[in-house]
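A.B. asks: sequence and predicted structure, then a few things I'm wondering about:
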Amino acid sequence: QSPPGKPKIIKCRSPGKETFTCWWEPGADGGLPTNYTLTYHKEGETVTHECPDYKTGGPNTCYFNKKHTSIWKLYVITVNAINQMGVSSSDPLYVDVTYIVEPEPPANLTLELKHPEDRKPYLWIKWFPPTLTDVKSGWFMIQYEIRLKPEKATDWEIHFAAKQTQLKIFSLYPGQKYLVQVRCKPDHGYWSEWSPESSIQIPNDFPVKDTTMWIFVAVLSAVICLIMVWAVALKGYSMMTCILPPVPGPKIKGFDIHLLEKGKSEELLRALESQDFPPTSDCEDLLMEFIEVDDSEDQQLMPRPSKEHMEQGVKPMHMDPDSDSGRGSCDSPSLFSEKCDEPQAHPFKFHTPEGPEKLENPETNLTYLQATQSTSREGKIPYFHASGPKSSTWPFPQPPSLHNPRYSYHNIADVCELALGMAGTTATLLDQTDQHALKSSKTIENGEEEKAAKQRESEGCSSKPDQDTAWPLPQDKTPLISAKPLEYVEIHKVSQDGVLALFPKQNEKVGAPETSKEYSKVSRVTDSNILVLVPDPQAQNLTLLEEPAKEAPPALP
Amino acid sequence: MVARFSSLGIPHHRFPPFCPVGPSPYQQQSLSWDFSPIPMATASNHRGHQWISSLVQGSRLLLLLVVSNPLLCQGENYAPYCKNQTGECRIPLQNLFDTATTVANYNYRLAREMFSEFGKQYGQSKNLTPKVLNSCHTTSITTPESKKEAENTEDKILFRLVLSLLHSWDEPLHHLVTELLRLKEASPDLLSRAAEIEEKTKVLLEGVKEIEKRIHPENQEKEISYPVWSEISSLMSEDDDVNKTTFYKMFHCLHRDASKIDTYLQMLKCRYTTC
C-alpha cells in the first residue's frame, strides 16, 4: 500500500471550439481505492477550479462545457490521484483551446449517380458539416476531403474539397462498386476521423467515352505499326541499300584481289605495275596482236602482229573476200594474225622468262592479245587483257561440213599446243572478267599456278590427243551441237566489266555487221571443256532472234 | 497557385483588379490594398517558400509599377465588375472581405509555423511554456473569448479590436525581423516568414480600414489606441536565455493574435457577406 502513482493527461480535444474534453491515464493505484480530480487555472487568473463534469466524457475524462471554455487563453490543467496514503499529481498540461480542435467527421454522406443529357455522367457526393461546429457564423472554418476507391482496389483516390459540401466525380469505371469516405479539418486544428463508408454500384452501361476513344487510337496505331513492319519486312533490303548503300569493294581492273589476301607485297606491286592501271578506256594506245589462223596450205599458226587494228577501236567486221574466212587481215582485228607486220615497239613474242618452256618454233610463237601496250615492259609477260571495246577474232574451227575441216582441227590442236607452249598464257578470250585473265597470266609468274594452268590447258587439249580426231568428238557426243554450224566468231567488243561480246564472223552472205548478234553469253560448258556461247538477248537491242548456239573450241580456263 | 487560392476559399476570378477603379476619394488606399494579397503562397514548411516569398516581393514591385502607370489602366472600364454599375465603380464588399480573410488566414499560418519551428529548437528543451503566461502585450485589449461573447459583440467593436491588434504588432514585428537577422541560429525559413508577416500585417491593416470605411464611414474620426510593446531591451539582450525567451514569447503572442484577427474577420465577413 502506497500512495498512488502519478497519473498522466493524455490529451484534450475540442470538437467545435466551444467545449472541450480532457482524458487522463491513471497511474498505479497503490492498492487502495484512488480518487482522481482534475484541477485547472486559467492564464491571467489566480483561482484554481475543478473539473465541472467528470461524467459526460466517460471514465477518466473531464468535460468543459461552453460556460467553462475560453479560447485564446491558456489552461493549466493538472490531474491528481488521491488515496489514503497520499496524493500524486500529474505534470501540468498547458492547453489553448484554439489549437486543440478536432471535429467530428462530416455527417450524412450521400452518393448519387447523375446522367445529364448533354454532358458526361458523374457521381455526385454530398455531405453536411459535422455536428457541434458553427460554420454559419464564421466561428468555425472548415475544409473537407473526400476519398474513394473501387471495392477491391488497395489505393484510395483523394480529392480535396475546400469549403464546399459537395463534389462531382467523373472518372469512374463501370461495373464496379465504389466506397466513399469524407473527413474535415478546421483552419487551426486536427483532421477528423474518416466518416463511415458509403458505397455505390456503378452500372455496367455507364458510358465512359474517354476510354473508347483511347481504345480506338490504340487500335489504329497498332494497325499502322503492323503495316510499317510488313513494309519493312518486304522491302527491307532495298530500303537498306537505299539508305546504306553497300560499300563497294576495291575493284581495280585486272587486279587480283586474292593477292591482297595473301599479302605478298612483291606480287602485289608487280601486279599493279603490270596491269593497266589506271585503266584507260582509250583504245588507241592499246595494242593487240593477233595470230591469224590461216586455212591455207601453211597449216601453221603464224604470229602476225598487227598493231593498228586495236588502235582504231571497234572495227567493223570485214568479210574476207576469199574463202579462208578464218584468216584475218591486217584490217580486220583478229586474234591470230599472221599477215600483219610487227608492231613497232612491242614485243609480240611471248617472253616467258620464268616459264620453263619456250617456244622453239618461232612460227608458233603466238602472240596473244596484248592488251596493254603502255605497261608492257621487257621481261614482262604480255597477257590477255580485255578492256574497252575492241574487236578480235577468235578463230573457231568450222564444222566439217564447211571448208577446211581439217584446218580447223589443226587450228585447235595448234592452239592447244601453243597454249601449252606458252606456259599457260591465257587464251581466255572467253573469260568474262579481267580478273580471270590476270589470274591466268599470273600463272606464269607463279610457278604453282603455272603448272595448274598448264594442266588445265592440257585437259582442254586432252580431248584432242590426235589432231585429226580432236574435233569430231564433240560432234559425236551432241548431235545437237553438230547440227549447229560452227563459225568463226569475232570478239566484237569487250564491255566494261570485261564481258566479251562475240559475234559470228560474217560470211559474205550475211548482212551488215551491225545486225550481227552478240555471243556474249556462255550457255554451258561441255565435257570436253567447250564453251558454248549463245547470243545474249539482253546485250543487244537489235535482234531478238535466237540463233543456234555457236560452239567454241575448248577454252582455257 | 490557382489550386491554392481555391483551397483558401477565394475564387480566383473575384480578385480585385490591378488598376484603380475610378476617381474614388479612397483611391490611394485602394491602390495599395488591391494588388497586395494576390501573389500569395501557402505558408507551408518547405524550401519553396523562400523562393515564393522572393517572387512575391518581385511581383509586388512589378505590380506597383504597373499600377502606377496610368497608361495601362483605363479607369472605370477596367474592372470586370464595373461593367454593370453606373457611376462610380467600387470594389464590392465581398471582394474586400474575401481578400481580408485570405490575408488574415495566411498570416495565421505563417505565425503558427514560426512558433512551431522556434519552439522545436528552443522551447521544448527549456520548457518555456510557463514563462509565456500573461506575457503578451496585447492582453490589455479585451477581446471576446468565446463564441457567445463574440456573437454578442458589435461589429464596430470587432473592427476596433482588429485594428487595434494590427496596430499593436506593427512595431514589434519590425524589431523581430531586425533581431532575427542578428540571431545566429535563425534559419532562413524563419527569417523569410517573419519578413512576410510584417509586410502582410501592414496590408491587412489597410484592408480592414478600407472595409470599415465602407461599412462605418462615421468611425473615421476616432483614434485607435493600441498597447505598446516594450520588450525591445530583452530582445536585444546579450544573455542567451533572455534573448531566446523573448523571442519565444513574441512568437507565441503573435500566433494567438493572428488567430484572433482571423476569427473576428471571418465572423464579420459572415455577417455582411456570404461566408
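C.D. replies: It's in. Numbering: from 1, shown residues only, chains lettered A, B, ... in the order given.
A.B. asks: where does the stretch 1-150 of chain B have low pLDDT?
C.D. replies: B:1-56, B:58-59, B:61-79, B:84-86, B:123-126 (pLDDT under 70).
A.B. asks: please apply the same query to the stretch 1-150 of chain A.
C.D. replies: Scanning the stretch 1-150 of chain A for pLDDT under 70 picks out nothing.
A.B. asks: for chain B, what are the nearby residues on it?
C.D. replies: For the stretch 1-150 of chain A, the contact set with chain B under Cβ under 8 Å from any Cβ of the partner chain comprises A:17-18, A:43-44, A:66, A:69-74, A:76, A:94, A:96, A:98, A:134-139, A:141, A:143. All C-beta atoms are positioned from the backbone trio N, CA, C, and that covers glycine.
A.B. asks: and the residues you listed, which are buried?
C.D. replies: Buried members of the residues of the stretch 1-150 of chain A next to chain B, counted by 16 or more other Cβ atoms under 10 Å in any protein chain shown: A:17-18, A:43, A:69-74, A:76, A:96, A:98, A:135, A:138-139, A:141, A:143.
A.B. asks: neighbours around B:P144, how many?
C.D. replies: By other Cβ atoms under 10 Å in any protein chain shown, the residues close to B:P144 number 21.
A.B. asks: got it, and A:V229?
C.D. replies: 11.
A.B. asks: now it: which helix or strand?
C.D. replies: helix A:209-243 (DSSP states H and E).
A.B. asks: pull out the buried positions in that helix.
C.D. replies: Buried residues in helix A:209-243 (16+ other Cβ under 10 Å): none.
A.B. asks: show the average pLDDT along that helix.
C.D. replies: Mean pLDDT, helix A:209-243: 86.
A.B. asks: and the stretch 51-200 of chain B, which residues reach chain A?
C.D. replies: Within the stretch 51-200 of chain B, the residues that sit near chain A (Cβ under 8 Å from any Cβ) are B:105, B:108, B:112, B:129-130, B:132-134, B:139, B:143, B:145-148, B:150-151.
A.B. asks: widest-spaced pair of the residues you listed?
C.D. replies: For these, the maximum inter-member distance is 32.5 Å, found between B:P130 and B:E151 (Cβ to Cβ).
A.B. asks: ranges for the helices of the stretch 151-275 of chain B?
C.D. replies: Ranges of helices within the stretch 151-275 of chain B are B:155-168, B:170-182, B:188-215, B:232-235, B:240-272, based on DSSP state H, counting those that start in this stretch.
A.B. asks: pull the number of nearby residues for B:E231.
C.D. replies: Neighbours of B:E231 using other Cβ under 10 Å come to 17.
A.B. asks: for it, which non-adjacent residue is closest in space?
C.D. replies: B:T246 (5.6 Å; Cβ to Cβ, 6 or more residues apart in numbering or on different chains).
A.B. asks: on that earlier part again, and B:P130 and B:E151? Which one has more around it.
C.D. replies: B:E151 (14 against 10).
A.B. asks: so how far is A:T19 from that one?
C.D. replies: From B:E151 over to A:T19 the distance is 16 Å, taken as Cβ to Cβ, to the nearest Å.
A.B. asks: also A:A161?
C.D. replies: The gap separating A:A161 from A:T19 is 26 Å, by Cβ to Cβ.
A.B. asks: now swap in A:T37 and tell me
C.D. replies: 20 Å.
A.B. asks: so for these two, which sits in the more crowded spot?
C.D. replies: Neighbour totals were compared for A:T37 and A:T19, and A:T19 leads with 20 against 16 (other Cβ under 10 Å).
A.B. asks: which ones are touching that one?
C.D. replies: With contact set as Cβ atoms under 8 Å, 6 or more residues apart in numbering or on different chains, A:T19 has these partners: A:63-66, A:69, A:132.
A.B. asks: can you lay out the helices of the stretch 151-275 of chain B as CSV showing mean pLDDT?
C.D. replies: Output for these, formatted as CSV (pLDDT from 0 to 100):
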stretch, mean pLDDT
helix B:155-168, 92
helix B:170-182, 91
helix B:188-215, 92
helix B:232-235, 85
helix B:240-272, 91
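A.B. asks: tell me which of the ones you listed sits nearest to B:E223.
C.D. replies: The minimum distance between B:E223 and the helices of the stretch 151-275 of chain B falls on helix B:155-168, with 10.5 Å, by Cβ to Cβ.
A.B. asks: hmm, who's touching that closest one?
C.D. replies: Contacts with helix B:155-168, where a contact means Cβ under 8 Å, 6+ apart, come from B:137-138, B:141, B:143, B:150, B:201, B:204-205, B:208-209, B:211-212, B:215-216, B:219, B:224-229, B:257, B:260-261, B:264-265, B:267-268, B:271-272.
A.B. asks: what is the orientation angle of that helix with helix B:240-272?
C.D. replies: Relative orientation of helix B:155-168 versus helix B:240-272 (axes from the mean of the first three to the mean of the last three Cα atoms, to 10 degrees): 150 degrees.
A.B. asks: what residue in chain A comes nearest to chain B?
C.D. replies: Sorted by distance to chain B under Cβ to the nearest Cβ, the residues of chain A start with A:G138, at 3.4 Å.
A.B. asks: which SSE is that residue in?
C.D. replies: Going by DSSP H and E, A:G138 is not part of any helix or strand.
A.B. asks: show the buried residues in the residues of the stretch 51-200 of chain B next to chain A.
C.D. replies: B:105, B:108, B:112, B:129, B:132-133, B:139, B:143, B:145-147, B:150.
A.B. asks: thinking again about what came up before, let me have the helices of the stretch 151-275 of chain B in a markdown table, adding mean neighbour count as columns.
C.D. replies: Below are those laid out as a markdown table (neighbours: other Cβ atoms under 10 Å in any protein chain shown):
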| stretch | mean neighbour count |
| --- | --- |
| helix B:155-168 | 20 |
| helix B:170-182 | 16 |
| helix B:188-215 | 21 |
| helix B:232-235 | 15 |
| helix B:240-272 | 22 |
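A.B. asks: mind checking those for the one nearest to A:T48?
C.D. replies: When the helices of the stretch 151-275 of chain B are compared by Cβ to Cβ, helix B:240-272 sits nearest A:T48, at 22.7 Å.
A.B. asks: for the closest one, packing partners?
C.D. replies: Where contact means 3 or more Cβ pairs under 8 Å, 6 or more residues apart in numbering or on different chains; DSSP states H and E, helix B:240-272 is packed against helix B:93-118, helix B:147-152, helix B:155-168, helix B:170-182, helix B:188-215, helix B:232-235.
A.B. asks: rerun that using 7 Å as the cut-off
C.D. replies: helix B:93-118, helix B:155-168, helix B:232-235 (3 or more Cβ pairs under 7 Å, 6 or more residues apart in numbering or on different chains; DSSP states H and E).
A.B. asks: just put the ones you listed in CSV and tack on distance to A:V180.
C.D. replies: Formatted as CSV, those follow (distance: least, Cβ to Cβ, whole Å):
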stretch, distance to A:V180
helix B:93-118, 28
helix B:155-168, 39
helix B:232-235, 52
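A.B. asks: could I get the helices of the stretch 151-275 of chain B as a markdown table with distance to A:K251?
C.D. replies: Listed next are the helices of the stretch 151-275 of chain B as a markdown table, based on distance: least, Cβ to Cβ, whole Å:
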| stretch | distance to A:K251 |
| --- | --- |
| helix B:155-168 | 95 |
| helix B:170-182 | 83 |
| helix B:188-215 | 75 |
| helix B:232-235 | 94 |
| helix B:240-272 | 90 |
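A.B. asks: mind checking the ones you listed for the one nearest to B:T99?
C.D. replies: With Cβ to Cβ as the measure, helix B:188-215 is the member of the helices of the stretch 151-275 of chain B nearest B:T99 (6.2 Å).
A.B. asks: now for B:P144: which residues touch it?
C.D. replies: Taking Cβ atoms under 7 Å, 6 or more residues apart in numbering or on different chains, we find B:P144 in contact with B:150, B:153.
A.B. asks: quick one: it from B:H252, how far?
C.D. replies: From B:P144 to B:H252 the distance is 20 Å (Cβ to Cβ).
A.B. asks: tell me which parts of chain A are close to chain B?
C.D. replies: Counting by Cβ under 7 Å from any Cβ of the partner chain, chain A comes close to chain B at A:17-18, A:43-44, A:66, A:69-74, A:94, A:98, A:134-139, A:141, A:160, A:162-163, A:187-188.
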